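Student: Kindly return the folded structure for what I paste below:
(one chain, ligands or ions: 1)
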Amino acid sequence: MSKKVIMIMVDGFGIPEKGWFNSIYSDFCDRRFVNLLADFSIPVSAKLGVEGIPQSATGQTALFTGFNAAKIMGMHMQGFPGPKLREVICRRNLFSNLMEKGKKVAFANAYVQYTLEELASMRLKSVTTTMVESSIGWVRNMEDLLSGKAVYHDLTRKTIKGNLSVQEISPKQAAIDLLNISKEHDFTLFEYFLTDRAGHKMDANALKEILGNLSAFVCELVDSAAENTLIILTGDHGNCEDISTRKHTNNPVPLFVYGYPLPRDRKITSIEEIYYFIIEDIFKIPKISTGVFNG
Ligand SMILES: [Zn+2]
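Tutor: Residues are numbered from 1 along each chain as shown. Predicted coordinates for the structure are as follows:
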């Protein structure tokens with residue numbers, strides 16, 4: 001049986017300063033989720049060796065390309081990637097690198113509002129949208145979502161309930177849908193960003209629901225994953241673990257790996273190294289290029 005890899009990128013998901021067991025996660029999440037994070041994750045720095053607070057555009061580019069995007073830009077960049085970062089993403093990313101080696105990849109998130117073409121013309125492209133556009137070339141839509149072949153970014157579809165025939169589902173069902181998608185692919189990515197949004201708003205009530213859903217989702221993934229399936233969860237930078245500030249944090253993010261040995265002994269210390277862990281360690285693809293981006 002070939003290996004199936006699921007990667008969950010949680011935006012604004014750092015390790016609390018006082019540890020997992022004395023944190024917003026232990027307050028709001030299923031206890032098992034907190035135990036899983038404590039047992040199966042290592043801390044990884046999101047600072048990228050650059051001054052200032054880590055941000056999404058550079059952090060996600062680093063995670064998904066293996067290039068230190070903040071060093072390339074000379075600073076952390078927030079929001080959507082500009083032309084230079086899009087060039088970095090298009091040069092090489094997890095999807096394109098795996099596809100070159102004949103692997104089947106999927107971006108599980110559903111795009112229900114705009115098509116990929118519309119997003120391209122609006123220049124409103126997130127790191128993952130840019131990555132999908134330059135590799136897979138299509139995104140999952142409402143039809144896919146309704147047939148269980150996509151996962152909505154809020155997991156439960158609550159925010160689009162009532163549109164067409166959309167009904168709310170449980171986070172557990174979202175996990176089962178993601179597992180089904182992953183069975184047909186070697187690598188499946190899902191992005192969850194409500195954590196970052198609620199962190200910016202310092203909204204504890206929203207986070208209670210958002211983290212509760214995330215924890216139920218991840219527990220179900222772990223419980224129902226087949227033996228050949230491994231689950232990776234990481235973040236682009238900290239935020240929601242500290243709601244005393246609207247800003248991101250300098251805290252490390254977890255690299256959670258379930259179903260495969262954790263890279264211990266400080267083998268991975270910075271988020272861009274997660275790319276090489278996936279490509280080289282997990283998929284056993286020999287090193288084809290370096291972490292240096294040449295203009
Ligand atoms: Zn943010």
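
Student: Next up, the contacts around the closest residue in space to residue 221 that isn't next to it in sequence.
Tutor: Of all residues not flanking residue 221 in the chain, residue 175 sits nearest, at 4.7 Å (CB to CB, 6 or more residues apart in numbering). The C-beta positions use only the backbone N, C-alpha and C, and glycine is treated the same way. Residues in contact with residue 175 (CB atoms under 8 Å, 6 or more residues apart in numbering) are 216, 217, 218, 220, 221, 224.

Student: show me where the stretch 1-150 of the chain has helices.
Tutor: Ranges of helices in the stretch 1-150 of the chain, per DSSP state H, counting those that start in this stretch, are 24-28, 31-40, 56-65, 69-73, 83-91, 94-100, 116-122, 127-134, 142-146.

Student: and the angle for the third one with helix 83-91?
Tutor: Same thing as helix 56-65. Relative orientation of helix 56-65 versus helix 83-91 (axes from the mean of the first three to the mean of the last three CA atoms, to 10 degrees): 20 degrees.

Student: tilt between helix 56-65 and helix 127-134?
Tutor: Going by the same axes, to 10 degrees, helix 56-65 makes 50 degrees with helix 127-134.

Student: What is the distance between helix 56-65 and the centre of its chain?
Tutor: In terms of CA atoms, centre = their mean, to the nearest Å, the centre of helix 56-65 is found 10 Å from the chain centre.

Student: Equivalent analysis for the fifth one, please.
Tutor: Distance, stretch centre to chain centre, for helix 83-91: 18 Å (CA atoms, centre = their mean).

Student: And the last one, by the same measure?
Tutor: Here the centre of mass of C-alpha atoms in helix 142-146, compared against the chain's by CA atoms, centre = their mean, lies 21 Å away.

Student: If you count neighbours, what's buried in the next helix or strand after it?
Tutor: Sequence-wise, the next helix or strand downstream of helix 142-146 (DSSP states H and E) is helix 171-183. By neighbour count on 16 or more other CB atoms under 10 Å, the buried set for helix 171-183 is 171, 172, 173, 174, 175, 176, 177, 178, 179, 181, 182.

Student: again, but for stretch 124-133
Tutor: Neighbour counts using 16+ other CB under 10 Å place 125, 126, 127, 128, 129, 130, 131, 132, 133 of stretch 124-133 among the buried residues.

Student: Also stretch 6-20?
Tutor: Those buried within stretch 6-20 under the rule 16+ other CB under 10 Å are 6, 7, 8, 9, 10, 11, 12, 13, 14, 15, 16, 20.

Student: Need the buried residues of stretch 124-133 in CSV (columns: distance to residue 152 and pLDDT).
Tutor: Below are the buried residues of stretch 124-133 laid out as CSV (distance: CB to CB, whole Å; pLDDT from 0 to 100):
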residue, distance to residue 152, pLDDT
125, 19, 89
126, 15, 94
127, 19, 97
128, 14, 97
129, 15, 95
130, 20, 95
131, 19, 96
132, 16, 96
133, 20, 93
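
Student: Could you single out the nearest of those residues to residue 30?
Tutor: Closest approach to residue 30 among those (CB to CB): residue 128, at 26.2 Å.

Student: Test my guess that the closest one contacts residue 190.
Tutor: No. In this structure, residue 128 is not within contact of residue 190 by CB atoms under 8 Å, at 9.6 Å.

Student: Out of the contacts of residue 175, the closest to residue 143 would be?
Tutor: Closest approach between those and residue 143, by CB to CB: residue 217, at 22.3 Å.

Student: quick one: residue 253 from residue 271, how far?
Tutor: Distance of residue 253 to residue 271, computed by CB to CB, to the nearest Å: 7 Å.

Student: what is in contact with these two at once?
Tutor: By CB under 8 Å, 6+ apart, residue 253 and residue 271 have these common neighbours: 44, 46, 234, 236.

Student: Around the first one, how many other residues sit close by?
Tutor: Other residues near residue 44 come to 23 when the count uses other CB atoms under 10 Å.

Student: And residue 108, how far from residue 226?
Tutor: Distance of residue 108 to residue 226, given as CB to CB: 16 Å.
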